[in-house]
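A.B. asks: sequence? don't have it. structure:
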């Protein structure tokens, strides 16, 4: 038995999903797509039920990856029962999606979630009447309070049925769907889709296109617009029937402060800066503790074992990788994800995007691009994956370059571990400053060079609310799990490969080959090149390898401040890590990946040489 | 009496009344309809009996409420059809009028309404947004350029304004806007406007942030 949750973004779908499944969630990639589907198993009355959390969409007719995925999911009858989650405070807009889902005639029930918020806004929703109109059972829920959550599955299993909705489409559109039904033998929902130039069946789209052109000519508006208007009108009629609004209670609207240019923008800078500072401070402290403990209790005892040198080398590689992974995952990435989840759950992220719109336009992007960039401070991999929220290739290209330059958690480790520890905390911040300036310069140049159209931001502002610790931690945990399962195996594998290289002496050969560059141009010790090379695998490995090769953790003794500073700056800028390269390749293609990698290598070298010349 | 004949009578009497500002006499009706006198008097008696009109002591023929309404509807149909036949199909005006006289009795009210809407909307190729707010749902083109000076876009509005969407230009962004409820006829209030003309607007109880270039592709009007 498969049950899928479907709804607009931000209706509390994931919250319901998490409450139904607990933490036993697996994240699946949908075939041929970068959108993730969350699946979880629940046992109900000795029956195994697979729950699927579909990505939030506004419509089923669009061509964004999420919309296409949900549409195909419905077409293939991916679930036995659909649970449509509606937002009680925005019922009208949510009914628009429900109207579309209903056309797929699959057994379903509807939840009117956030009923508590609706009540506090003075909205009374007659769910009984709604159930009568749409012909399926409707359950009011309040996921954040856990209200009625236990009744969802029993209701879905006992009384899911096909909705009975009649949406009065314009008669030309109706006639066209009937014509297509007769000539092509396709169901109504497919015909409506084809008339809007969407859908997978090319023959149908061909047949529909001439009719669509005729309708467009006659109505002087596109078929999408006609159909959307009809559906919205339907949704409005239904909403007017079931929603009673009592006079609004006057509440202080925080947006009066948050979205104004002043004090909104200074506040935004302050919030982002505190987030980074918190990650930096908390992360460094926790990391030192984890690394010390791990070295003292696991690595050192292991090294005293008497086994063959090869196995010792391999074992050491695995342990170092584990140590590095844990040392970065929990202190830095997890701390960052907690902060990010708070920003998202309070609804502040969308305000940040709005405020950043102006500045982002200067660099050829728009407000929405702020979100991948901020995510990039945690880890570049999810940031690259989130690029798809940008709608044009041009924006994605510019943002992809910038994201690879944003100092992620691993780079924070390098900055904290080398510069803050041995050179000084202000020098550490100067690295951030240099990187930000380089990002802005790169963006300005790229926005002039990248072909394609500029496209603006259309973002729904999520409602402001107090974040709840449990949900924030749950969300952060899901994210860090993704990080652990993607990054950790890669980390261990690369560490083993490098261990073998070192064992067979290949590293030394490399070191000698690039020594002229490292020593004369960058003014670094020859072994630094190996450390930089390790940085390709994971950024923080650059730091750890350096310590290993230098033969001491007290780097201040073996290298000068300028050398340490140069090394840190170069490894921060130098080529994205291998996981980033992999997702970048999948998301953006070989050309952009190659160019971004080449660019960061050249930029890193150039800045390194410059610092070496200037500071010597 | 055939319904079409009744409609012809009522139309003719109403036209006469509105042109001469006095009700017609028996003779005026005979002239207007070009029918034999005895028939006319019989028909008028029949119409009076049916309650469509009254014949006063001075011989003036005055339409009742129902008679007037029917007459007005027929005249509207006639005018709309004649306009369509001459303006769009290019017929000469006298044959168009004759043709309209015959079609007007059979055509439904809905057809006439839609035909009227069609005629009032500006031609597609000129690319102007529809000028009739009540018909906005049917008459704005989705692809158009802002060529006339009167078009107000969302980006021109001020904080606190409440406006109605007339049309959306540009193809690519239109879909997301449609899904969020930005469709012709939809009321939109501006909640926040920054100096670069980025907006937060409220549509269907949801706040939506828009970049300036998106906002300036949405044509709106005050009502």
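C.D. replies: Nice, I can see it. Quick caveat: nothing in here was measured; it's all calculated off a predicted structure.
A.B. asks: residue of chain B closest to chain A, please.
C.D. replies: residue B:211 (2.8 Å; CB to the nearest CB). (C-beta placed from N, C-alpha, C; glycine too.)
A.B. asks: I'd guessed residue A:410 sits against residue A:540; true?
C.D. replies: Yes. Between residue A:410 and residue A:540 there is a contact under CB atoms under 8 Å: 4.4 Å.
A.B. asks: my read: the residue of chain B closest to chain A touches residue A:354, true?
C.D. replies: No. Using CB under 8 Å, residue B:211 makes no contact with residue A:354, being 9.3 Å away.
A.B. asks: spit out the residues that contact the two alike.
C.D. replies: Shared between the contact lists of residue B:211 and residue A:354 (criterion: CB atoms under 8 Å, 6 or more residues apart in numbering or on different chains) are residues A:367, A:457, B:198.
A.B. asks: mind listing what the last one touches?
C.D. replies: Listed by CB under 8 Å, 6+ apart, the contact partners of residue B:198 are A:354, A:357, A:358, A:367, A:457, B:209, B:210, B:211, B:212, B:215.
A.B. asks: put the buried members of the residues you listed into a PyMOL selection.
C.D. replies: Of the contacts of residue B:198, the buried ones can be selected in PyMOL as follows, counting by 16 or more other CB atoms under 10 Å in any protein chain shown:
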select buried, (chain A and resi 354+357+358+367+457) or (chain B and resi 209+210+211+212+215)
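A.B. asks: what is the nearest of the contacts of residue B:198 to residue B:11?
C.D. replies: residue B:215 (49.5 Å; CB to CB).
A.B. asks: one step back: could you dump the shared contacts of residue B:211 and residue A:354 to a markdown table with pLDDT?
C.D. replies: Below are the shared contacts of residue B:211 and residue A:354 laid out as a markdown table (pLDDT from 0 to 100):
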| residue | pLDDT |
| --- | --- |
| A:367 | 90 |
| A:457 | 88 |
| B:198 | 91 |
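A.B. asks: any chance of the residues you listed in CSV, plus distance to residue A:51 and secondary structure?
C.D. replies: Shown next, in CSV, are the shared contacts of residue B:211 and residue A:354 (distance: CB to CB, whole Å; DSSP: H, G, I helix; E, B strand; the rest coil):
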residue, distance to residue A:51, secondary structure
A:367, 33, helix
A:457, 33, coil
B:198, 39, coil
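A.B. asks: identify the residues contacting the residue lying farthest from the centre of chain B.
C.D. replies: Distance from the C-alpha centroid of chain B peaks at residue B:195, with 40.1 Å (CA atoms, centre = their mean). Neighbour list for residue B:195: A:261, A:358 [criterion: CB under 8 Å, 6+ apart].
A.B. asks: can you classify it by secondary structure?
C.D. replies: coil (DSSP: H, G, I helix; E, B strand; the rest coil).
A.B. asks: tell me how many other residues crowd the closest residue to chain B within chain A.
C.D. replies: Chain B sits closest to residue A:456 of chain A, with a gap of 2.8 Å, by CB to the nearest CB. By the criterion of other CB atoms under 10 Å in any protein chain shown, residue A:456 has 24 neighbours.
A.B. asks: hang on, it is in a helix, isn't it?
C.D. replies: No. Counting by three-state DSSP, residue A:456 is not part of a helix but coil.
A.B. asks: so what's it closest to, chain neighbours aside?
C.D. replies: Leaving out its chain neighbours, the residue that sits closest to residue A:456 by CB to CB, 6 or more residues apart in numbering or on different chains is residue B:211, at 2.8 Å.
A.B. asks: pLDDT wise, what is that neighbour at?
C.D. replies: Looking at residue B:211, its pLDDT reads 90.
A.B. asks: in what helix or strand does residue A:613 lie?
C.D. replies: Per DSSP states H and E, residue A:613 falls inside helix A:590-615.
A.B. asks: which positions in the stretch 351-500 of chain A make contact with chain B?
C.D. replies: Contact residues, the stretch 351-500 of chain A versus chain B (CB under 8 Å from any CB of the partner chain): A:353-355, A:357-358, A:361, A:366-367, A:391, A:453-461.
A.B. asks: rerun at 10 Å
C.D. replies: Within the stretch 351-500 of chain A, the residues that sit near chain B (CB under 10 Å from any CB of the partner chain) are A:351, A:353-362, A:366-368, A:391-392, A:453-464.
A.B. asks: on contacts alone, who are the packing partners of the one helix or strand residue A:343 maps to?
C.D. replies: Residue A:343 belongs to helix A:335-345 when assigned by DSSP H and E. Contacts defined by 3 or more CB pairs under 10 Å, 6 or more residues apart in numbering or on different chains; DSSP states H and E place helix A:335-345 against helix A:261-294, helix A:348-362, helix A:370-378, helix A:409-414, helix A:469-503.
A.B. asks: dump those helices into CSV; add mean pLDDT as well.
C.D. replies: Converted to CSV, those look like this (pLDDT from 0 to 100):
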stretch, mean pLDDT
helix A:261-294, 89
helix A:348-362, 91
helix A:370-378, 90
helix A:409-414, 86
helix A:469-503, 80
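A.B. asks: contacting residues for residue 16?
C.D. replies: Just so you know, I chose chain A. Taking CB atoms under 10 Å, 6 or more residues apart in numbering or on different chains as the criterion, residue A:16 is in contact with A:5, A:7, A:51, A:53, A:83, A:85, A:111, A:113, A:141, A:143-144, A:146, A:149, A:152.
A.B. asks: sorry, I should have been clearer: chain B.
C.D. replies: B:22, B:23, B:24, B:25, B:28, B:29, B:31, B:32, B:61.
A.B. asks: state the helix or strand in which it lies.
C.D. replies: helix B:3-20.
A.B. asks: what is the subsequent helix or strand relative to that helix?
C.D. replies: Counting by DSSP H and E, what follows helix B:3-20 is helix B:26-33.
A.B. asks: helices or strands up against the next helix or strand after that following helix?
C.D. replies: Per DSSP H and E, the first helix or strand lying C-terminal to helix B:26-33 is helix B:37-50. On a contact count with 3+ CB pairs under 10 Å, 6+ apart, helix B:37-50 meets helix B:3-20, helix B:26-33, strand B:53-55, strand B:61-63, helix B:65-83.
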